[in-house]
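Peer 1: Kindly generate the corresponding structure for this input.
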Amino acid sequence: MSDSYINGHARAIKTLIRFWHREKYIPEVPTFKMPTIAKKRLPVLTAEQVKQAIDKCSTIRDKAIVMLLVETGLRRAELCALNWGNIDISSGIVRVAKGKGGKARAAVVGIKTRRVLIAYRRGILHEDKHPVFQISNGKRLSPNGLRSILLRISERAGFHITPHTLRRTFATLSLRAGMNLIQLQAMMGHSSLEMTRKYIQMIDEDLIEAHKAHGPI
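Peer 2: Okay, the predicted model is just below:
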């Protein structure tokens, strides 16, 4: 079994025995060492892979989805909940009305993504109350629908793409391009810098460049 699977069961057991103690089924809470989860380098797309993913989109809607996710770091539910009233096409501001934990925040999209969004909205209902990403009958794209879209793009591109992978890609590529951690934290909607740091993937090329610039020998 994977370490995360075992850790999840251990957490469930811990919750259960605390409940037993609170309800006076057992006199004291037994303690045990929690199984650890190994730190893993989670997948992040390179700039070239981002371009490949965009090229493999079969519709203008799918292209807009990938570009918006890469450029804003929105979560899956946040993307699906967007209405046209949440996007200011002239400035590029994208307002997340209710993010994780009910927090509101703002993200930004550049001119290239805005052009794709403008091209996409020409063929759909796009008043402020209408969902940004729609299925064929005009209804809102669901999180499962988004997952299916990204799976199809993954098959054509030859590598796995998920909303979370694109969120990590946003964090990593933004940092490499010069965005500071405070700005990145605000755009990702994190309550602490520590949480933001977990999303940043230092890949081998970054380490080589850093050593070239700062290596002691």
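
Peer 1: what's around Ile153, how many residues?
Peer 2: The number of residues packed near Ile153 is 22, by other C-beta atoms under 10 Å. From N, CA and C alone the C-beta is placed, and that goes for glycine too.

Peer 1: Please spell out which residues along the helix or strand harbouring it are buried.
Peer 2: Take DSSP states H and E as the rule and Ile153 turns out to sit in helix 143-157. Residues of helix 143-157 classed as buried: Leu146, Ile149, Leu150, Ile153, Ser154, Ala157 (neighbour count, 16 or more other C-beta atoms under 10 Å).

Peer 1: export the residues you listed to JSON lines and tack on distance to Glu194 and pLDDT?
Peer 2: Formatted as JSON lines, these follow (distance: C-beta to C-beta, whole Å; pLDDT from 0 to 100):
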{"residue": "Leu146", "distance to Glu194": "28", "pLDDT": "97"}
{"residue": "Ile149", "distance to Glu194": "32", "pLDDT": "97"}
{"residue": "Leu150", "distance to Glu194": "28", "pLDDT": "97"}
{"residue": "Ile153", "distance to Glu194": "32", "pLDDT": "97"}
{"residue": "Ser154", "distance to Glu194": "30", "pLDDT": "97"}
{"residue": "Ala157", "distance to Glu194": "32", "pLDDT": "96"}
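
Peer 1: where exactly do the helices run in the protein?
Peer 2: Counting by DSSP state H, the chain has helices at residues 3-22, 47-55, 60-72, 76-81, 111-121, 143-157, 163-176, 181-188, 193-199, 204-214.

Peer 1: for the ones you listed, which one sits closest to Gly92?
Peer 2: Ranking the helices of the chain by proximity to Gly92 (C-beta to C-beta) places helix 111-121 first, at 5.8 Å.

Peer 1: Show me how far stretch 50-68 is from its chain's centre.
Peer 2: Offset of stretch 50-68 from its chain centre (C-alpha atoms, centre = their mean, to the nearest Å): 16 Å.

Peer 1: just to revisit the earlier point, name the helices or strands packed onto the helix holding Ile153?
Peer 2: helix 47-55, helix 60-72, helix 76-81, helix 163-176 (3 or more C-beta pairs under 8 Å, 6 or more residues apart in numbering; DSSP states H and E).
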